[in-house]
Each structure stands twice: as C-alpha cells, then as structure tokens.
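J.: Turn this into a model:
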Amino acid sequence: MTTEEKKQKNLAAVRAAFPHTIPVLTGYVFMGMAFGILLGSKGFGPLWAFCMALFVFAGSGQFLAVGLMASGFHPLTALLLTLMVNARHVFYGIPLLERFKHFGRAKYYMIFALTDETFALLCSVKPPAGVSERRFNLAICALDHSYWITGCTLGGILGTALPINTAGIDFVMTALFVVIFLEQWRERQNRRPALIGLGISILCRVLFGPQWFILAAMAALVLVFGVFKRPLERGMQKG
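T.: Modelled structure (predicted):
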C-alpha cells in the first residue's frame, strides 16, 4: 500500500469517526478551557496547559494537579491521588486488551488515550463498510485527545492574557462528579454503587478530614468494588 493510499484510508476513518465524537468535542473543549484558565490563574503559562493535555490527558487528575502544584509539590501524594482517581481505567480497560493487541504499535497510544467517553464510543460505535476498524478506533482516540488539547491550550491562553475572575471555577470537577452521581441515581438498577460511593465518601470525610479523605475514599472504593464486584452485579440484575 502506497503512502497516498494510507493517507486516504486514514482520512476516511477520521471522516467516519468525527460525527460520533461531536458530543465529546463540546464537553472536552469547555472542560479543557476551564482547566487551562484555572492553571493560568495559578501562574502557569499556556505551554504548561498544552503539555499537560498532551502528555497527561487525565481530566480529573489534571484538576487535582493544579492544587498540588500551586500549594507545593509532593511526589508521593500526587502519585497516589492520581492513581486512585484514575483507577477506574483499569477495570474498563481490561475488556479492550484483546482488541488492542491487534493494533500493533498503535495499541500503546490507544491505551494511553482511553478515557471514559472514548471507552463508551469504542464499545458502542462500529465503523461503516469500507473503513478499517483499527483506523476507525484510532481516529476516535486521536480526535478526542485533540479536543482536550485544544480546550486546555485555549484556556491557558485566556487564563494568562485576560483578567478572568476564576472564583469558583475549580468547582467544575465537583460539579462533574455530582452529574455522574445523578446519572448513576437515575438508573434504578444501578443505585447500589452510587449509594456505596456516597456512604464511603462521607465516612472518610469524617474519619480523615478534608486533606486526606479523597485518597482514603478512592482506596476504599477500589477495594470494595474489587472484592464485592460479583455480588453487586448479581444484586443489580435482581433489582
């Protein structure tokens, strides 16, 4: 296959994937801008926002990093918090390992670029006739990643160039988690995990205080859902 033919096939995959990623585009650009503005307000320039979006690509992890970087960097705390906050990726990434192993060297990028929204698309959207599944899935990952990079970079530019009042903007991640919780609650057969998460979070807040409760709660949730995964699934199927 010639270079031109490969280029045409890649473009066809991007065109086919793009309509499915439009909801992610709207969410990632505005969410990324919020992150970039917040990062800029702490004295970090647009290059920081661009590099974090390019190499870190973890929405909740990046918002956590802003506070950690601004208050004094503690490597172990940053490592543990990021691991716990993004531990869910392990559970929904495992089912895709079999598919990714046929992607050659691109599988490493696919693993890196796997987010909640990208996972949902990869599991629910199929390529049209004539478009390679490998190229189609890779296009979804690359498009979603590019949206996040664009939003973070734009926010970083605005955050340093304009006198934007950032009061309350760091609440965006809290708002996101509230929305996720409400979505869980709307699914009547899926209320147990939401209640367990809420209960453990409140308990850890009381026991460990505001500084450590997130780390403690995430560790407890990973443990509980890892150990009791099957009983919870059976209970939800019955409910």
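J.: For the helix or strand containing residue 19, name the packing helices and strands.
T.: Per DSSP states H and E, residue 19 falls inside helix 3-41. Applying 3 or more Cβ pairs under 8 Å, 6 or more residues apart in numbering; DSSP states H and E, one finds that helix 3-41 makes contact with helix 46-55, helix 59-71, helix 116-124, helix 133-161, helix 172-186. C-beta: built from backbone N, CA, C; applies to glycine.
J.: Any chance of those in CSV with mean pLDDT and distance to residue 77 as columns?
T.: Converted to CSV, those look like this (pLDDT from 0 to 100; distance: least, Cβ to Cβ, whole Å):
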stretch, mean pLDDT, distance to residue 77
helix 46-55, 94, 17
helix 59-71, 79, 7
helix 116-124, 84, 24
helix 133-161, 93, 23
helix 172-186, 63, 17
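J.: Once you drop chain neighbours, what's closest to the residue nearest to the spatial centre of the chain?
T.: Centroid-nearest residue in the chain: residue 115, 4.3 Å away (criterion: Cα atoms, centre = their mean). Distances taken as Cβ to Cβ, 6 or more residues apart in numbering put residue 144 closest to residue 115, at 6.6 Å, once the chain neighbours are dropped.
J.: that older thread, can you list the helices and strands packed on helix 3-41 in JSON lines and add distance to residue 32 and mean neighbour count?
T.: What follows is the helices and strands packed on helix 3-41, written out as JSON lines (distance: least, Cβ to Cβ, whole Å; neighbours: other Cβ atoms under 10 Å):
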{"stretch": "helix 46-55", "distance to residue 32": "7", "mean neighbour count": "19"}
{"stretch": "helix 59-71", "distance to residue 32": "8", "mean neighbour count": "18"}
{"stretch": "helix 116-124", "distance to residue 32": "13", "mean neighbour count": "15"}
{"stretch": "helix 133-161", "distance to residue 32": "2", "mean neighbour count": "21"}
{"stretch": "helix 172-186", "distance to residue 32": "11", "mean neighbour count": "13"}
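J.: can those helices go into CSV with extra columns for distance to residue 31?
T.: Shown next, in CSV, are the helices and strands packed on helix 3-41 (distance: least, Cβ to Cβ, whole Å):
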stretch, distance to residue 31
helix 46-55, 11
helix 59-71, 6
helix 116-124, 10
helix 133-161, 6
helix 172-186, 7
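J.: give me every residue that touches residue 10.
T.: 135, 139 (Cβ atoms under 8 Å, 6 or more residues apart in numbering).
J.: i'd like the first residue to be 12 from this point on
T.: I'll keep to 12 as the first residue from here, and by that count the last item is residue 21.
J.: how much space is there between it and residue 151?
T.: Per Cβ to Cβ, to the nearest Å, residue 21 is found 13 Å from residue 151.
J.: can you check residue 202 too?
T.: 30 Å.
J.: And for residue 44?
T.: From residue 44 to residue 151 the distance is 22 Å (Cβ to Cβ).
J.: Then residue 73?
T.: For residue 73, the distance to residue 151 - Cβ to Cβ - is 21 Å.
J.: And residue 113, by the same measure?
T.: In terms of Cβ to Cβ, residue 113 sits 16 Å off from residue 151.
J.: for stretch 86-97, what is the average pLDDT?
T.: Stretch 86-97 shows an average pLDDT of 76 in the prediction.
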